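S.K.: The amino acid sequence is not available; the structure is as follows:
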C-alpha cells in the first residue's frame, strides 16, 4: 500500500514532526510505503486560479514546482494523509497551499453527489483520505470544523473512504499516530475481506 503524507507543520513544530515520523514508520502491512512531504521545506507556489490544469494541460499545473510532484504522489497513492496544526478549525497555510494545488486531480465538469454539485472525477481511482489535526487541548468548535472540512475535501477529491482525527499535543506521538491510522486502515481491511 502506498501512502502520501502531507506534513503541514510549521518550522520548529517538533511535536507534529514526531507524529509525521510515527505515521511514516507505522507498518500496518508488509507492503506499506510512505512518501512524506514536509511542505514547509518545499517550493510550492500558491494556486493562481488560472484553471490551465483543467483546460490547457489537464491534470498538470502550469507552475513547475514541487506542487506538481505532490499532486502526482497523491493520485498514485492508496491513502493520503493531511497532517496539520488546527488553525481556526482549518489547515495550516502550508497544507492549504498544497491542497489548493491538487485541484488538477479533478475535472472542471460537474456532477451531483448526494444532491450536491461537485466536480467530476478526472481519474478512475482516488486515494482514501485521513486528516490528522493537532490542538493543544480539546476545543470542540474547532474540532467540529476540522472534521467537516476533511469530509468536504474527501467528497471533492472522490476519496473512497475518509477519516479525521484530532491529536492533542500532550499525547505520545506514536500513540497519536496509531490511533489516527486505526479507523482508516480497519476500513481497508473490511474492503479487502
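M.R.: Perfect, thanks for sending it. Computed from a prediction, not measured in an experiment: that's the story for all the values here. Residues are numbered from 1 along each chain as shown.
S.K.: all helices of the protein, in order?
M.R.: Secondary structure of the chain, counting by DSSP state H: helices at 14-25, 52-55, 66-75, 93-101, 140-156, 173-192.
S.K.: Looking at those, spot the one closest to residue 6.
M.R.: Ranking the helices of the chain by distance to residue 6, with Cβ to Cβ as the measure, places helix 93-101 first at 5.4 Å. (C-beta placed from N, C-alpha, C; glycine too.)
S.K.: which of the residues in the closest one are buried?
M.R.: For helix 93-101, a neighbour-count test (16 or more other Cβ atoms under 10 Å) marks 94, 95, 96, 97, 98, 99, 100, 101 as buried.
S.K.: which residues sit in contact with the closest residue to residue 53 other than its chain neighbours?
M.R.: Of all residues not flanking residue 53 in the chain, residue 104 sits nearest, at 3.5 Å (Cβ to Cβ, 6 or more residues apart in numbering). The contact partners of residue 104, taken as Cβ atoms under 8 Å, 6 or more residues apart in numbering, are 53, 54, 58, 59, 60, 61, 71, 122.
S.K.: Just the buried residues out of the residues you listed, in ChimeraX syntax.
M.R.: Those of the contacts of residue 104 that count as buried under 16+ other Cβ under 10 Å are selected in ChimeraX with:
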select :53,54,61,71,122
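S.K.: Closest one of the contacts of residue 104 to residue 186?
M.R.: residue 71 (27.7 Å).
S.K.: The closest one reaches residue 100, doesn't it?
M.R.: No. The criterion here is Cβ atoms under 8 Å, and residue 71 misses it with residue 100 at 10.6 Å.
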